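Asker: need coordinates for the below:
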Amino acid sequence: MNIATITTITRREVRDTLSDWRILAPILLLTFIFPQMLVAAASQVVFYVGDLNLPGRIMPFAALLVGFIPASFSLITALESFVGERERNSLESLLAMPISDRDLYLGKLASSLLTPLASSLIAMLLFSFMLLGFQPELYFAAITLPRLILLFLLVGSLALVMVTAAVVISAHITTVRAANLMSSFILVPAALVVQLTAVLIINSRWGELWLVGAALLAAAIVLIRVGMATFSREEILSREHSQGAIHIKLRMLNVELKLPQLNIQHPMFNIAARELREVLSDWRVLIPLSVLTMALPAGLVAGTSFALNFVQDPTLLGRLVPFAALLVGFVPASFALITAIESFVGERERNSLESLLAMPISDRSLYLGKLISALTVPLGGSLLATLVFLNLMRFGFPDLYFYAMNPTLLLQLGLMIAVINLLLVAGAVVISSHTSSIRAATLLASIVLVPTAVAIQLQALLFIARRFDILWYVIAALAVIAVALIRSGLISFNREEILSREHDEINLRQVLATYLTFYREYWPAGTPPSAYRGLRFSVRRFYTRELLALLSELRLPLASALLAAIGGLLLGGYIGDHYRVAAFDEALASLGSPPQISLLLALQIFANNLRVSILSNFFSAISFGIFAFLVPAVAFGQIGFV
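Answerer: Here you go, the predicted model:
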């Protein structure tokens, strides 16, 4: 083993990874923004759940979740460790390096592991420190130093298992698309481990968690040895692309693999039928989707009897049945998101984009046809997986099923799964129509997948607290976002732009230069940077000429903010006069006794304002401006309430 060689390969790979903004931006968001989101939501958890002990027990799981999600996203870079070199035409030069197979494999493994492990551990540290600073009662309720060390061990072991498995897949597959399709065999078991860990944490079974950590370390060691034993650069160089299409003839059942004759001649449905035939003839799609649809629900039901031996209160497990059904429906949808990501950009890499865009149909019909085809498979798989799980629970554990389920909740689950599928697919198709490669589209898919996964994980609290009334608001909010994504995709889709689009690169110097150009002088929105005169910033010019023009252009946003502030002030005053909010009693009682002025208090206020500023800008960008409207409404609503 040559440490210097391994270090050189690792440094090269890490430098390439951190120079790609499509990788760096989501990692930074998940590392620094996501922990702040959970800390900000911690107080709301106490309010909605009602049980003061339960939120404290959930906080260790939240710390685990904070570390797991950055690691799961960074898995994308590990999946491309070898197969990505092939598609970037740099595989031959890499494999021609005068080093051993062992050193080459370990160098790739170390570089793939460094980013997810570092981002996960930093996110967990940030979450722990912020929870200790802003919600110390929740921190000390369940987190101790040995438990915190155990959580770090679990996240590190899980990241090691996922990365080593991804590198093994990357070394034995031929395309990035195939590697992404096979990633479900890593993410699904990892998600099940996280859910098992959640059950053990909630029930304070910390002793068993050490066994889980030991098992993960053992699995990682086995995967490393298997990967090193099976890696061969000659085999990679000689491997040809194997097509994933399979041709099935079901003559014995007198069934043909073609759509029924519905006498629908609209071009939109013709495109959808064409896409469905391609997807349903690819074994790399069918096999994982079948496993997630049938085997995953059966595995969860089979593990229910095992979980009953560890759970002190069986009713708590019964409360998780609806959430498990939702999770079972979400996993096939998240896997099928890969096919939606390829709806347009995949055509480019298969050299069929020009013929598709040359079809004599409108942009609207083309886009909707792709959207329908991308939605059909994940929606069908999600609903089928949920039905399989609920029926198995109905006959296997009827007491738990009837304790947890009712007709209204079944309707909510069905609507929630449908809306989540629509949201994921709509976002994926928008990304696919605005990127130039499958790799770029896959990296940007985290913008849709990660917030949705976080929202689903947080819904476990609603199911545990049996706050099913709030689910209607969650469904409505997700539906609004899905419709907004569909409308945005339809408006922005243009086939000429897709044909002319080149590979997107970000130049930080150019970004800084453009920012300084916009800062120095004002021109109306939409004016290209090349049309600016290159003037220096002038305070006199700004206040005499540019300020009035700027305020005139921003009159609609300013009017909206003023309307939000007045509405929040009136609504807060009305609630304060007519209702008593128990959660605000302590804050109201302390109004006459302000805290002692100190440097620590100033730092806490500064940190809180900085956190709010960062989160408000982030949420405004992903909420289509809705969050920007709510910020003044909530701020002045608090004033009106007091």
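Asker: can you spell out the domain ranges of the chain, please?
Answerer: 1-238, 266-506, 507-545, 554-641 (automatic domain parsing).
Asker: can those domains go into a markdown table with extra columns for mean neighbour count and mean pLDDT?
Answerer: Yep, even glycine has a C-beta here, placed from its N, CA and C like the rest. Conversion of the domains of the chain to a markdown table gives the following (neighbours: other Cβ atoms under 10 Å; pLDDT from 0 to 100):
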| stretch | mean neighbour count | mean pLDDT |
| --- | --- | --- |
| domain 1-238 | 19 | 81 |
| domain 266-506 | 19 | 79 |
| domain 507-545 | 11 | 83 |
| domain 554-641 | 13 | 77 |
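Asker: could I get stretch 454-474 in PDB with only the CA atoms?
Answerer: Extracted in PDB, the C-alpha atoms of stretch 454-474 (Å, rounded to 0.1, in the frame of the first residue of the first chain):
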ATOM      1  CA  VAL A 454     -37.300  15.800   5.300                       C
ATOM      2  CA  ALA A 455     -40.900  16.800   5.200                       C
ATOM      3  CA  ILE A 456     -41.900  13.100   5.200                       C
ATOM      4  CA  GLN A 457     -39.600  12.400   8.200                       C
ATOM      5  CA  LEU A 458     -41.100  15.300  10.100                       C
ATOM      6  CA  GLN A 459     -44.600  14.000   9.500                       C
ATOM      7  CA  ALA A 460     -43.700  11.100  11.800                       C
ATOM      8  CA  LEU A 461     -44.300  13.500  14.600                       C
ATOM      9  CA  LEU A 462     -47.800  14.300  13.400                       C
ATOM     10  CA  PHE A 463     -48.600  10.600  13.200                       C
ATOM     11  CA  ILE A 464     -47.200   9.900  16.700                       C
ATOM     12  CA  ALA A 465     -49.200  12.800  18.100                       C
ATOM     13  CA  ARG A 466     -52.200  11.700  16.100                       C
ATOM     14  CA  ARG A 467     -52.600  15.300  14.700                       C
ATOM     15  CA  PHE A 468     -54.200  14.100  11.500                       C
ATOM     16  CA  ASP A 469     -56.000  17.500  11.100                       C
ATOM     17  CA  ILE A 470     -52.700  19.100  10.300                       C
ATOM     18  CA  LEU A 471     -52.100  16.600   7.500                       C
ATOM     19  CA  TRP A 472     -54.800  18.300   5.400                       C
ATOM     20  CA  TYR A 473     -52.700  21.500   5.500                       C
ATOM     21  CA  VAL A 474     -49.500  19.600   4.600                       C
END
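Asker: how far off centre is that stretch?
Answerer: 18 Å (Cα atoms, centre = their mean, to the nearest Å).
Asker: so what's Thr304 closest to, chain neighbours aside?
Answerer: Phe397 (5.8 Å; Cβ to Cβ, 6 or more residues apart in numbering).
Asker: let me fix that: Met124
Answerer: Gly67 (4.4 Å).
Asker: can you count the residues close to Leu548?
Answerer: Leu548 has 10 neighbours, counted by other Cβ atoms under 10 Å.
Asker: what about it, distance to Phe542?
Answerer: 10 Å (Cβ to Cβ, to the nearest Å).
Asker: and if you look at Met416?
Answerer: On the measure of Cβ to Cβ, Met416 and Phe542 end up 50 Å apart.
Asker: much appreciated, bye for now.
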